[in-house]
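Peer 1: fold the following and give me the result.
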Amino acid sequence: MPALLPVVSRLLLLPRALLSMASGSPPSQPSPASGSAYAAGSVSAAFVTCPNEKVAKEIARAVVEKHLAACVNLIPQITSIYEWKGKIEEDSEVLMMIKTQSSLVPALTDFVRSVHPYEVAEVIALPVEQGNSPYLHWVRQVTGSVPESGTAPP
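Peer 2: Prediction:
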């Protein structure tokens, strides 16, 4: 069944594409100029692994307080298997999922590197292409790029 999902999602787009071809105009897209439209990729989800919950909570609280992130989820008890200095290692870690503006990822990375206990801290970020617009707006608002007009729950 999972193998069919990409095919089904493409088929669902087919009627819209056919309608736009028949009408001679491209499918309508939200205008980035409007205040409520989300610019794809302007928010990122960054991932950081930590050796334990204490370290993860300290870093999470600090990045939220510094407005480098709107929200941090801590996912405990992940197992990481990796090669380090020529040896295969296996460790229990805590994964941090950090929601922030994409433009803040370099500052977030620098801060995490400055406080993280690992010699080489994992900090990777993926752009968010789509999602719940009010939530994505809230992430941008909390991290400073959108004027405050209310709050949204994380």
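
Peer 1: hey, where'd the strands end up in the chain?
Peer 2: 43-50, 71-84, 87-101, 123-128 (DSSP state E).

Peer 1: how far off centre is the last one?
Peer 2: By that I understand strand 123-128. Relative to its chain's centre, strand 123-128 lies at 5 Å (CA atoms, centre = their mean, to the nearest Å).

Peer 1: next, the angle from it to strand 87-101.
Peer 2: 40 degrees (axes from the mean of the first three to the mean of the last three CA atoms, to 10 degrees).

Peer 1: show me what counts as buried in strand 123-128.
Peer 2: Under the neighbour-count criterion of 16 or more other CB atoms under 10 Å, strand 123-128 has 123, 125, 128 buried. C-beta here means a position set from N, CA and C on the backbone, and glycine is covered the same way.

Peer 1: still on that earlier bit, turn the strands of the chain into JSON lines, including distance to Glu65.
Peer 2: Listed next are the strands of the chain as JSON lines, based on distance: least, CB to CB, whole Å:
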{"stretch": "strand 43-50", "distance to Glu65": "16"}
{"stretch": "strand 71-84", "distance to Glu65": "11"}
{"stretch": "strand 87-101", "distance to Glu65": "13"}
{"stretch": "strand 123-128", "distance to Glu65": "18"}
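
Peer 1: and Pro134, which of the ones you listed is closest to it?
Peer 2: Taking CB to CB, strand 43-50 is the member of those nearest to Pro134, at 12.3 Å.

Peer 1: may I have the closest one as PDB, with CA atoms only?
Peer 2: Listed in PDB are the C-alpha atoms of strand 43-50, where the atom choice follows Å, rounded to 0.1, in the frame of the first residue of the first chain:
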ATOM      1  CA  VAL A  43      10.800  27.900   8.300                       C
ATOM      2  CA  SER A  44      13.100  25.000   9.000                       C
ATOM      3  CA  ALA A  45      13.100  22.000  11.300                       C
ATOM      4  CA  ALA A  46      16.600  21.500  12.700                       C
ATOM      5  CA  PHE A  47      17.700  18.300  14.300                       C
ATOM      6  CA  VAL A  48      20.300  18.000  17.100                       C
ATOM      7  CA  THR A  49      21.300  14.900  19.000                       C
ATOM      8  CA  CYS A  50      22.400  15.200  22.700                       C
END
